[in-house]
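A.B. asks: Sequence below, structure please.
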Amino acid sequence: ARGDSSFADEPAAPGPNAMMALLTPSGGSKYLARYLNAASVLTAPKVDDRQPENHEARAFFRALAAAWSDAATLAAVVQNMPKDSEIMDEHMIPYGLADILVAALTKHGAHLGASKALLRCFAQLTAFWFDRQFMDMPEEDGDVGLRVDAIIAAGAAQPVRKATKAHNTNADVAEYGLRIFGNLAVGSRHSDKLMATDALSGIFAAIDAHENNEMVAEVGCVALGNLAFGSEERKDTLIKAGASGRVATAMEKHKGRAFVCECACLAFSHLAYGSNSRKDRLVREGAAPLVIDAMERHLDHTGVSHHGCSALMALAMGSDERKAELAGAGALERIVEAMAAHPRNAGVAENGCRAIGNFADGSDRHATALMDLDAPRAIVNALDANGGGNGHHSVARYGCYAFATLANNSDVRQRALLQAGVSARVMQAMHTHGEHERVAEGGCLAIAALASGKGILCDGLIADGAAARIMSALDEHDAPGVAEFGLRAIMALSLDSTPRISQLMEAGVARRITRAMRTFTVGHVGVAVHGCGALWNLSNGNAATRDQLMVAGVAQCLVTALREHAKDPGVAGYACGAIKRLCKFSNVHRETFKGAGAIPRIESVIRTHSDKSIKGKGQQAAEAAKEQAPLAACSLGLGLGLGFGVGVGLGLGLG
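C.D. replies: Residues are numbered from 1 along each chain as shown. Predicted structure coming up:
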């Protein structure tokens, strides 16, 4: 055993006879609460033979008490801790097992054998489903969260760190310590507490002492990745302390080991998500080529593909320069290959779609390159395998977003996507997962992007049921994102086509637009812009269409949009254009707008905007709202005074 003076200040624990005395209700209750807190089990009546689980728990507690003062004997006892999750959750944790094990590690932390056995116990108690087979635990994991909470509450972090550092040259101790810290950090609920107890020094000591040990490298990356999850402050602390360098070293030394590469990709993903400065540092330190090499080397491994796509997605966010560097290193090829190799794996499918969306967002070059790599086919296959029926709604969500970014601002790409069957997959995703707000957003945005090109493409989308899917999304979700993208889709579909306008009106767009604008125009400029744009296009229909729009209450919606967002050029131009068309041939409509206070709002647009096109639209709207309409209506034609484009500018990442 290797000594460590850090354990010297801990109070001495009683010997076996004194410990047994403490197990009676009359014995030292205060000390019992400090070290055991398990009296209700140990003094319970003899259990029935039909309940062996409780008997096993009682026997284990008694064995612990008997071996308390002898480290070697205690080590042998804890190796036989019952592993059944029901025994743990119902008959051990509620009666102070966590406190007992913490007290034991505090007392015997300087003893290698006892430390190793006790750390293994903690690792077993905190093992989640994905880790249980490596810890010789039954498949049923029970309430791991309950056990983790109890172990944290018992103050395990500090003695675990001390024991791990005291015996860091022992590979088993290093592995178990890292497993414990990684498990305690799952979900980030306790990560700040772990950082406050300087868990990081124990993690680094274990990793640094065993760089060539595959298992230590693997669980070390998991511990660092889990600590990084969910907190910008922790990510920055980890990066500054050298976490990324240790992850990179693990990948370099164990590049042939898929599990190490998987866990390293996970750590890079969590460290990268968020701050651009961290992403830049990770790229400078060589994270990108390591991830890309791992994905190529281990293409057949779902875990590497899953977390590799996630890491590339996170690194690509927020910088055209980083996107270009990653793409030049082969990131796009690896992402599409991973999706093609694992179409049925939801993790690969989701993160692959997210990565494609991020690279294509705002970049014609990367979007075109992804089309050339047949990314649409990979997304279609992923949606077919994971997005329909009882599939994964996250795959549907990010598949739709990926389609939207690939389609944006390119007739050629839009046509190719529709030929690849994208329209049907978007409609199916919205139908199957319509209750999920983010799927509704992504589906509406995909329709808007696909519809922003040639009219024949819009006709195909309408034929595939786009109008019904948009109406359902707007009805299902009272949310600003769905409202904005739903109105954007209506705006795109209603451009330059009287027949499509009639079809959309028959589907009930008028009341959906007015409801969305009444609810979200205040505080949401995107809803105002696309609501006004949709009304501008729809008002280009026939007289019956304009009457239906007015009956639905669009006048007040347009005036409110101008009142709230008059300085926005899109709102100003679209709203004034719509008002002009709606007033031009109807005295009734003109009076309605005057009563709603349109004229002062239009005059504000004229004063505010120097752009000739917008100022001109305002002047035309003012004239139409003030003048007497002609006795006979005439056709307005389909020449639209403002250009229309769907700009997809979304950061698609999630931690």
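A.B. asks: contacts and neighbour counts: CA atoms only from here.
C.D. replies: OK.
A.B. asks: The closest residue to Ala424 other than its chain neighbours - how many residues pack around it?
C.D. replies: Excluding the flanking residues, the one nearest Ala424 by Cα to Cα, 6 or more residues apart in numbering is Asp464, at 6.6 Å. Asp464: 16 surrounding residues under other Cα atoms under 10 Å.
A.B. asks: If I look at Asp464, what pLDDT would I see?
C.D. replies: Here, the pLDDT recorded for Asp464 equals 95.
A.B. asks: pretty sure it is touching Met427, no?
C.D. replies: Yes. With contact defined as Cα atoms under 8 Å, Asp464 counts as touching Met427 (7.4 Å).
A.B. asks: Pull up the gap between the nearest residue in space to Glu591 that is not next to it in sequence and Ala578, please.
C.D. replies: Ranked by Cα to Cα, 6+ apart and with sequence neighbours excluded, the top spatial neighbour of Glu591 is Ala625, at 7.8 Å. Distance of Ala625 to Ala578, computed by Cα to Cα, to the nearest Å: 11 Å.
A.B. asks: now swap in Pro600 and tell me
C.D. replies: For Pro600, the distance to Ala578 (Cα to Cα) stands at 16 Å.
A.B. asks: neighbour count winner among these two?
C.D. replies: Ala578 (26 against 15).
A.B. asks: Just the element for that one, please.
C.D. replies: helix 569-584 (DSSP states H and E).
A.B. asks: List the buried residues in stretch 241-249.
C.D. replies: 243-249 (16 or more other Cα atoms under 10 Å).
A.B. asks: May I have that stretch as CSV, with CA atoms only?
C.D. replies: The C-alpha trace of stretch 241-249 is given here as CSV (Å, rounded to 0.1, in the frame of the first residue of the first chain):
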residue,chain,number,x,y,z
ALA,A,241,-6.6,23.0,-17.7
GLY,A,242,-5.5,20.8,-20.7
ALA,A,243,-8.5,18.5,-21.2
SER,A,244,-8.4,18.7,-25.0
GLY,A,245,-4.8,17.8,-25.2
ARG,A,246,-5.3,14.7,-23.1
VAL,A,247,-8.2,13.7,-25.4
ALA,A,248,-6.1,14.2,-28.4
THR,A,249,-3.3,12.1,-26.9
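A.B. asks: Distance from that stretch to the middle of the chain?
C.D. replies: Centroid displacement of stretch 241-249 relative to its chain, using Cα atoms, centre = their mean, to the nearest Å, is 24 Å.
A.B. asks: thinking again about what came up before, list of residues touching the helix holding Ala578?
C.D. replies: 525, 528-530, 532-533, 535-537, 539-540, 546, 555, 558-559, 561-562, 565-566, 589-590, 593, 602, 605, 609, 613-614, 617-618, 620-625, 629, 642 (Cα atoms under 8 Å, 6 or more residues apart in numbering).
A.B. asks: 7 Å instead, please
C.D. replies: Helix 569-584 is contacted from outside by 528-529, 532-533, 535-536, 539-540, 546, 558, 561-562, 565-566, 589-590, 602, 605, 614, 617-618, 620-621, 624-625, 629, using Cα atoms under 7 Å, 6 or more residues apart in numbering.
A.B. asks: Stretch 409-427 too?
C.D. replies: For stretch 409-427, contacts defined as Cα under 7 Å, 6+ apart pick out 376-377, 380, 400, 406-407, 443, 450, 453-454, 461, 464, 466, 469.
A.B. asks: Adding secondary structure and distance to Phe204, write those out as TSV.
C.D. replies: Output for the contacts of stretch 409-427, formatted as TSV (DSSP: H, G, I helix; E, B strand; the rest coil; distance: Cα to Cα, whole Å):
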residue	secondary structure	distance to Phe204
Pro376	helix	43
Arg377	helix	43
Val380	helix	43
Cys400	helix	41
Leu406	helix	42
Ala407	helix	46
Gly443	helix	45
Leu450	helix	50
Gly453	coil	55
Lys454	coil	58
Leu461	helix	55
Asp464	coil	56
Ala466	helix	54
Arg469	helix	52
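A.B. asks: Specify which member of these is nearest to Glu350.
C.D. replies: Nearest to Glu350 out of these is Cys400 (Cα to Cα; 10.7 Å).
A.B. asks: shouldn't the closest one be in contact with Glu441?
C.D. replies: No. Using Cα atoms under 7 Å, Cys400 makes no contact with Glu441, being 8.8 Å away.
A.B. asks: Please say which of the two ends up with more neighbours.
C.D. replies: Set Cys400 next to Glu441 and count neighbours by other Cα under 10 Å: Cys400 wins out with 35 against 27.
A.B. asks: Show me the buried residues of stretch 241-249 that map onto helices.
C.D. replies: 243-249 (DSSP state H).
A.B. asks: mind checking which helix or strand Phe359 is in?
C.D. replies: Judged by DSSP H and E, Phe359 forms part of helix 346-360.
A.B. asks: Contacts for stretch 367-376, please.
C.D. replies: Under Cα under 7 Å, 6+ apart, the answer for stretch 367-376 is 332, 336, 360, 406, 417, 420.
A.B. asks: TSV please, covering these and showing neighbour count.
C.D. replies: Converted to TSV, the contacts of stretch 367-376 look like this (neighbours: other Cα atoms under 10 Å):
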residue	neighbour count
Leu332	26
Val336	24
Ala360	26
Leu406	34
Leu417	23
Ala420	15
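A.B. asks: nearest to Arg515, of those residues?
C.D. replies: Closest approach to Arg515 among those (Cα to Cα): Leu406, at 30.5 Å.
A.B. asks: Surely the closest one is in contact with Ala360?
C.D. replies: Yes. In this structure, Leu406 is within contact of Ala360 by Cα under 7 Å, at 5.8 Å.
A.B. asks: circling back to that earlier point, in whatever helix or strand the residue nearest to Glu591 lives in, what's buried?
C.D. replies: Element membership of Ala625, judged by DSSP H and E, is helix 612-626. By neighbour count with 16+ other Cα under 10 Å, helix 612-626 contains the buried residues 614-622, 624-626.
A.B. asks: packing partners for that helix?
C.D. replies: helix 569-584, helix 598-608 (3 or more Cα pairs under 7 Å, 6 or more residues apart in numbering; DSSP states H and E).
A.B. asks: CSV for the ones you listed, including mean pLDDT and distance to Ser231?
C.D. replies: Below are these laid out as CSV (pLDDT from 0 to 100; distance: least, Cα to Cα, whole Å):
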stretch, mean pLDDT, distance to Ser231
helix 569-584, 96, 37
helix 598-608, 95, 43
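A.B. asks: Kindly compare burial across the ones you listed and name the winner.
C.D. replies: helix 569-584 (a mean of 27; mean count of other Cα atoms under 10 Å).
A.B. asks: What count of nearby residues applies to Glu214?
C.D. replies: Glu214 has 18 nearby residues by other Cα under 10 Å.
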